[in-house]
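Sharing a sequence plus its predicted fold:
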Amino acid sequence: MKKLLFILAMAIVPLITFAQAIPTDLSKYHDMNTIWDRVDENEALKSTIAAPTFTTSITIGSATISEAELEILDGATITTAELNVLDDAKLDTDIVELFTLNVGWGNTSEDSIYFIAGYFYDGEYNSADTLYVTQLTCAVAAGDELSGATTVSVDLDWDVNMNDGTPTQLNSSPFVVSSTTTGDIDAAFDNSVIDPATWVWWRVATTEGRIPSKLVCTASGYVAD
């Protein structure tokens, strides 16, 4: 009998110990569940702010962007294509003469034979480089025939075929040249990038007033890296 009681006592003690380990106040566990519920609710409420305002600056990684720097971007009207051209832009020391035109002897009206509308001159083959034209400078010398000032319209054309009927043109409207001194300068073009494997040539579009005795043009720019 004593042995039986001893066995029962040994079985009951662990149960009592387990029961004592169970907390009588379960409210704190209820509170923890409530906290996690609130966390889940707040997580679900997160959304993108439509128009946030930062009073000083923002930092992305190791870069800090200020208001003044953002104002530069805010006021920019440049396109992606123009930005890519700027990315390839060169210093003034990189600008070189790409193509030159030198027509006529400059001292006789017989040179008028060179200035017939539609004539093309000085064809060159650009084999391997991408060329960027940045400036066109031209001057003309007047001949002896007719009266008034001399005006010549000239253009720079290029195509994979020499003297093609529909080439790419530096200007869709040929550049008008009338200066007989310092020259006329053009720096705004409809097309300015000359691809490799193309022929490049000059074309006289029109001649007005006195027949010129000489026309000199230089297309300046740089070779892409």
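Looks like it arrived, so ask away. Numbering: from 1, shown residues only.

contacting residues for the closest residue to residue 160 other than its chain neighbours?
Take residue 160 and drop its neighbours on the chain: the residue closest to it by C-beta to C-beta, 6 or more residues apart in numbering is residue 198, 5.6 Å away. In this view, the C-beta of every residue, glycine as well, is placed from N, C-alpha and C. Contacts of residue 198 were listed using C-beta atoms under 8 Å, 6 or more residues apart in numbering, and they are 125, 126, 158, 159, 160.

Beta-bridge partners for residue 198, please?
Assessed by DSSP bridges, residue 198 has beta-bridge partners residue 126.

and it, how far is that from residue 131?
9 Å (C-beta to C-beta, to the nearest Å).

do the same with residue 220
In this structure, residue 220 and residue 131 are separated by 10 Å, where distance is defined by C-beta to C-beta.

quick one, which of these two is more surrounded?
residue 131 (21 against 18; other C-beta atoms under 10 Å).

pLDDT score for the more buried one?
Confidence per residue is given as pLDDT, and for residue 131 that number is 94.

what do you get for residue 181?
At residue 181, the model reports a pLDDT of 88.

Which residue, other than its chain neighbours, is closest to it?
Using C-beta to C-beta, 6+ apart and skipping the chain neighbours, the partner closest in space to residue 181 is residue 139 (7.1 Å).

same deal with residue 175?
In space, and not counting its chain neighbours, residue 175 is closest to residue 186: 4.9 Å by C-beta to C-beta, 6+ apart.

And that neighbour, how far from residue 154?
Spatial separation of residue 186 from residue 154 under the definition C-beta to C-beta is 10 Å.

and if you look at residue 135?
Using C-beta to C-beta, one gets 14 Å for the distance from residue 135 to residue 154.

All the helices of the protein, in order from the start?
Per DSSP state H, the chain has helices spanning 2-21, 27-45, 67-75, 80-87. These are given in chain order.

what ranges of the protein fall below the confidence cut-off?
Counting by pLDDT under 70, the chain shows low-confidence ranges at 1-51, 80-93, 106-116, 143-149, 206-211.

Which of residue 135 and residue 154 has more residues huddled nearby?
residue 154 (27 against 16).

quick one: the strands in this protein?
When assigned using DSSP state E, the strands of the chain occupy the ranges 57-60, 63-66, 96-103, 120-126, 131-142, 150-159, 168-169, 175-177, 184-186, 193-194, 198-209, 212-223.

Columns neighbour count on top of the contacts of residue 198, output as a markdown table?
Rendered in a markdown table, the data for the contacts of residue 198 read as follows (neighbours: other C-beta atoms under 10 Å):
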| residue | neighbour count |
| --- | --- |
| 125 | 11 |
| 126 | 18 |
| 158 | 25 |
| 159 | 17 |
| 160 | 11 |
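
returning to that earlier point: the residue nearest to residue 181 and residue 175 touch, don't they?
No: under the criterion of C-beta atoms under 8 Å, residue 139 makes no contact with residue 175, lying 12.0 Å away.

Common neighbours of the two, please.
Both residue 139 and residue 175 are contacted by residue 184, under the criterion C-beta under 8 Å, 6+ apart.

Having no further points to raise, I will conclude here.
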